[in-house]
Each structure stands twice: as structure tokens, then as C-alpha cells.
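Undergrad: Predicted structure and sequence below. I'll ask about it afterward.
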Amino acid sequence: MRYEKNHKERTRQRIVDTASRRFREHGIEAEGLKSLMSAAGLTNGAFYNHFDSKEDLAREAIAAAMNERLGRLRYWIDSGEGLAGMIRSYFSPRHRDRPGTGCPVAILSAEVARHSDIVRGAYTDGVTEFIELMAMQWPSLTHDEALSRATALYGLMAGAMQVARATNDEALSARVLDGGMQAALALADVAPIAAEAAPTRAVRRTQTDAKHR
């Protein structure tokens, strides 16, 4: 059978995209190669035509997930809403309920810590790039001050999202999202959402998120 010139590259990318989503949904260890390749529409035996090991794939999947989040941050910056838009989108119920397309730091950090240096390196590169782009949004601060604030902000966001996802109490999860958002907006030096305006903003945010997820 003859394939198009870029068939192998497109197949490899399909595997990476599938892994990026399913690792965030199920965890790296919990997602087996057989189920992953089946979800990609490929046979299990085709895996080793593209990757040396699952760890090799994990490295690329983590890098892809981190690049995806970086792209979303750039979208909010380019839209003019900046960090405020990114933060409000991040703390939405939609983000909480769809881990497969969500922030990998809020989902995979503990698991990545147990993996090899190549996986941790891809994670580290992604976190560093994200923080550096956030830091550029405070031009009045020194570089070190901006990096410190961006690092604290990203940690706050990811940690709050972990708690909001882990609890089985819907009301508590909602409070964690709201409290995390208000704290993140304050740390980012962005005006918080007024209580009476929150429902309208939430509707707009959900509509906007739907276009960019």
C-alpha cells in the first residue's frame, strides 16, 4: 500500500495528540499502550515504528500538553484580556470537568516526579516557558520580581485545581474554584469579579472557552 509523503509524521502526531489527552484523563501509568493505540485508530504493533518506549512517548505527550497551555495563554494575551482572561478561564467548571484538555501541571505533576529525566525535562521546559511568559505581563516589576510572582501564581492555580477536582463535594469544589480565582486575580494584580456580575461573566467565559478548547 502506498502512503502519502507525510503519512508517518501525521501518524506519529496522532499518537502524540492521543497520548497527551489520555494521559491527562487517566494518568501515564494507568493508560496502557493497547488502549492508547486503539484510541488513536492504530494497531498496538505500530507503536514501535514511531517510539522507542512509552517513556519516549510520555516525553512528547507532556511537551505537547505544555505547548497547548502556552498557546492558550498567548491567546488571552493577544485578545487583550491578558492574565485576567486566562485566570477566569482556568478556574471555570469546564476546565475542571475536562482534564483531557486541561492544564497538565494540575493533573500530572505528582506522576511526572516519578518518571525519568527525559519526561521531567519536558515538563520543566514547559513550566519554565509558561512562567516566563506570565512574568512578561508585569512590565513595571523587575525580572526577578515578575518571575517570583508568576511562579507563585502558577502554583496557586494548579494546586487549587487539584483540590477542586479531587473533592466529591460539589459545593466545596465550587468554593475552591471561586476562592482560587479571586486569590489568583489578586496575586496577578487584576480586579476581582464583583459578586453581582459573576453570573454574567461566567456565561461569557463559558461561551468563550467553548471556542478555544
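TA: Nice, I can see it.

Undergrad: Can you name the residues that contact residue 15?
TA: Contact analysis of residue 15 by CB atoms under 8 Å, 6 or more residues apart in numbering lists 36-37, 40, 42, 47, 50-51, 57. In short, each C-beta sits where N, CA and C put it, glycine included.

Undergrad: For ChimeraX, what selects the buried ones among those?
TA: This is how ChimeraX selects the buried members of those, with burial counted by 16 or more other CB atoms under 10 Å:
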select :36,37,40,42,47,50,51,57
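
Undergrad: could you dump the contacts of residue 15 to JSON lines with secondary structure?
TA: Output for those, formatted as JSON lines (DSSP: H, G, I helix; E, B strand; the rest coil):
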{"residue": "36", "secondary structure": "helix"}
{"residue": "37", "secondary structure": "helix"}
{"residue": "40", "secondary structure": "coil"}
{"residue": "42", "secondary structure": "coil"}
{"residue": "47", "secondary structure": "helix"}
{"residue": "50", "secondary structure": "coil"}
{"residue": "51", "secondary structure": "coil"}
{"residue": "57", "secondary structure": "helix"}
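
Undergrad: just the helices in this structure please.
TA: All helices of the chain, identified by DSSP state H, fall at 7-26, 33-39, 54-79, 82-90, 93-97, 105-112, 117-135, 143-166, 170-187, 198-211.

Undergrad: any idea which of those helices scores lowest on pLDDT?
TA: Lowest mean pLDDT within the helices of the chain: helix 198-211, at a mean of 46.

Undergrad: Among the helices of the chain, show me which one is buried the most.
TA: helix 82-90 (a mean of 22; mean count of other CB atoms under 10 Å).

Undergrad: Which neighbouring elements make contact with it?
TA: Packing partners of helix 82-90 (3 or more CB pairs under 8 Å, 6 or more residues apart in numbering; DSSP states H and E): helix 54-79, helix 143-166, helix 170-187, helix 198-211.

Undergrad: Residue 116 is nearest to which of those helices?
TA: For residue 116, the closest of the helices and strands packed on helix 82-90 is helix 54-79, at 5.5 Å, according to CB to CB.

Undergrad: Tell me which other helices or strands the closest one touches.
TA: When contacts are defined as 3+ CB pairs under 8 Å, 6+ apart, helix 54-79 packs onto helix 7-26, helix 82-90, helix 105-112, helix 117-135.

Undergrad: angle of that helix against helix 105-112?
TA: Going by axes from the mean of the first three to the mean of the last three CA atoms, to 10 degrees, helix 54-79 is angled at 160 degrees with respect to helix 105-112.

Undergrad: Number the chain from 3, please
TA: All right, first residue 3 from here; so that's helix 56-81.
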